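> Need a 3D model of the following:
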Amino acid sequence: MFLAGSFVSGGGPAHTLLIAHEYFHVLQRQLSEFAPGPPVWLVEGSAHYSALLYISDEGIRPYDVDRRNVISFAAGLDIPFRDLDHDLGHWREQFGAVYNAGVLASEWLLSEAGKSAYIDFWRLLATEANWQAAFSAAFGISVDEFHDAFEKHTTDLFADLQRIEGVVLGPDGEPLNDVGVEAWHGGRVGSSTVKTRAQGAFALRVWDGTYHLLIYPDRSARTGFAGWLKAGGGLTAECDEAAIVAVEGADVTGIVIRLPAGWDENLPTLASTQWACVALPKVRGTVLGPDGPPAERIGLWLWGGSNDSSKFGGISADGTFDLAHQSGTYVIRVYVWRDAAWDHIGWYGDDTGFTTDREQATEIEVDDATVTGIEIRLPADPSDLPTIE
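Numbers count the residues shown, from 1 in each chain. Reported below is the predicted structural model:
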């Protein structure tokens, strides 16, 4: 969108996202002539937003897939968004919430004022008295007016999220404040780390799905990982002992996490622990065209509705696919990349394994086992199939 050309990276989508993010920072600095002033949510949120749009435009992953993750992270912000204009240190405690709230703010500003206004803002920083004046000149709205409108917008966005609520107690049974708690279900999707407040209470905002709860002594130092909520209560450093918190259309409350003596000593790192607990089973199958494997750039969305476990992935050269999942009920949405966008062309279903009728889509019931043998046979070259609105 704001970025032209392709970035070549051997590290996959995550590295491409990072490169695109940093490239937008270069653009910001060049256009603004290195003028200081904008708050972190605006600087980092716009860079992350442009990077997410870039990987969507490049056919790597649709923006709508990432947007659900953005919303769940942004909902973890525990101070009013407008306070981030002045609180220059708060973002270090929960940078995930600040960055992703900034993505939603960028999305809103573009929807209201257009792409050119977003570029104009960075140019105007070089000539206006301050960032607030540049903001008003570029977007046609004052910063205060923006915050009023954006607060209502995010209230509507977060309305479909549920809460995971509980308390954290110390070894003596007394509430512990300022402990970091995060809900994590694997892959890229989780929630912002929140800090326990009065009486050790915490509240996480999440989509429906299944989660592990991660504990940190200090949420701003995420390498200090203490462990997972243990099944039956307490804390564990063993993945197979971690409790699974299932969220299904309602808040989950009353969780009590009692930490053992020495829980904040000799802490392992995320690299050696967190990712060991996110391996998921697969949904596997093949997508075929009338005369064999279909053209490249077919995308499949394992869609669980409001279930945050939804995954998007492509197919290999031989038409096979391999999508991670959690327990739940899914349909498979079929996409083709054309005209610089992912076009939805149908679902897995009907007798042939492909249908353009949502009512004919096959629901896949999955549990902890890998699901195999799915075959989707397209009736024509995917580039010739109509887009489903």
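> Phi and psi next, for the residue lying farthest from the centre of the chain.
Computed with CA atoms, centre = their mean, the residue of the chain farthest from its C-alpha average is residue 291, at 37.1 Å. Main-chain torsions, residue 291, degrees, to the nearest 10: phi -120, psi 30.
> I'd like to know how far it sits from residue 378.
10 Å (CB to CB, to the nearest Å). All C-beta spots, glycine's among them, are computed from the backbone N, C-alpha and C.
> just residue 59 next, same as before
With CB to CB as the criterion, residue 59 and residue 378 are 18 Å apart.
> cool, residue 39 as well?
For residue 39, the distance to residue 378 - CB to CB - is 48 Å.
> Between the two, tell me which one has more neighbours.
Using other CB atoms under 10 Å as the criterion, residue 39 and residue 378 rank with residue 378 on top: 24 against 20.
> Which phi and psi values does that one adopt?
According to degrees, to the nearest 10, residue 378 has phi -80, psi 140.
> ok, now which ones touch it?
Applying CB atoms under 8 Å, 6 or more residues apart in numbering to residue 378 gives the contacts 287-290, 294, 334, 346, 354, 385.
> TSV for these, including pLDDT and distance to residue 243?
Putting those into TSV (pLDDT from 0 to 100; distance: CB to CB, whole Å) gives the following:
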residue	pLDDT	distance to residue 243
287	93	37
288	91	41
289	89	45
290	86	48
294	78	42
334	93	36
346	94	39
354	94	39
385	92	44
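> any chance of these in CSV, plus secondary structure, distance to residue 161 and neighbour count?
Output for the contacts of residue 378, formatted as CSV (DSSP: H, G, I helix; E, B strand; the rest coil; distance: CB to CB, whole Å; neighbours: other CB atoms under 10 Å):
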residue, secondary structure, distance to residue 161, neighbour count
287, strand, 33, 27
288, strand, 38, 19
289, strand, 39, 17
290, coil, 43, 10
294, coil, 36, 24
334, strand, 28, 27
346, strand, 29, 25
354, coil, 33, 23
385, coil, 34, 19
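> how about the helices in this protein?
Shown for the chain, the helices assigned by DSSP state H span residues 13-32, 40-57, 63-74, 95-113, 115-124, 131-139, 143-157, 270-273.
> for those helices, which one sits closest to residue 240?
helix 270-273 (12.6 Å; CB to CB).
> From residue 121, how far off is the residue farthest from the centre of the chain?
In this view, residue 291 and residue 121 are 51 Å apart by CB to CB.
> ok, the closest residue to residue 17 other than its chain neighbours - contacts?
Excluding the flanking residues, the one nearest residue 17 by CB to CB, 6 or more residues apart in numbering is residue 51, at 5.0 Å. With contact taken as CB under 8 Å, 6+ apart, residue 51 is in contact with 3, 17-18, 20-21, 24.
> partners of residue 245 in the sheet?
With DSSP bridges as the criterion, residue 245 is bridged to residue 211.
> That one and residue 361, how far apart?
In terms of CB to CB, residue 245 sits 29 Å off from residue 361.
> do the same with residue 224
Separation of residue 224 from residue 361 (CB to CB): 45 Å.
> between those two, who's got more neighbours?
Legend: neighbour count by other CB under 10 Å for residue 224 and residue 361, higher for residue 361 (21 against 17).
> Now do the same for the more buried one: its pLDDT.
Among the per-residue scores, residue 361 shows a pLDDT of 93.
> Verify the contact between it and residue 331 for me.
Yes - assessed by CB atoms under 8 Å, residue 361 is found in contact with residue 331 at 4.4 Å.
> any residues in contact with both of the two?
Taking CB under 8 Å, 6+ apart as the contact rule, residue 361 and residue 331 both touch 347-349.
> Could you list the low-pLDDT ranges of the stretch 1-150 of the chain?
1-14, 87-93 (pLDDT under 70).
> Mind doing that once more with 90?
The stretch 1-150 of the chain contains residues with pLDDT under 90 at 1-18, 34-37, 40, 55-69, 72-73, 76-80, 84-99, 115, 118.
> so who does residue 48 touch?
21, 99-100, 102-103.
> Try it again at 6 Å.
Residues counted as contacts of residue 48 (CB atoms under 6 Å, 6 or more residues apart in numbering) are 21, 99, 103.
> hang on, the second one packs against residue 44?
Yes - the pair residue 99 and residue 44 qualifies as a contact (CB atoms under 6 Å) at a distance of 4.9 Å.
> gap between the residue lying closest to residue 22 once chain neighbours are set aside and residue 28?
Here the nearest residue to residue 22 in space, its sequence neighbours aside, is residue 47; by CB to CB, 6+ apart that works out to 7.5 Å. For residue 47, the distance to residue 28 equals 7 Å [CB to CB].
> next one: residue 303
35 Å.
> Same drill for those two, tell me which one is more crowded.
Ranked by neighbour count (other CB under 10 Å), residue 303 and residue 28 place residue 28 first, with 21 against 18.
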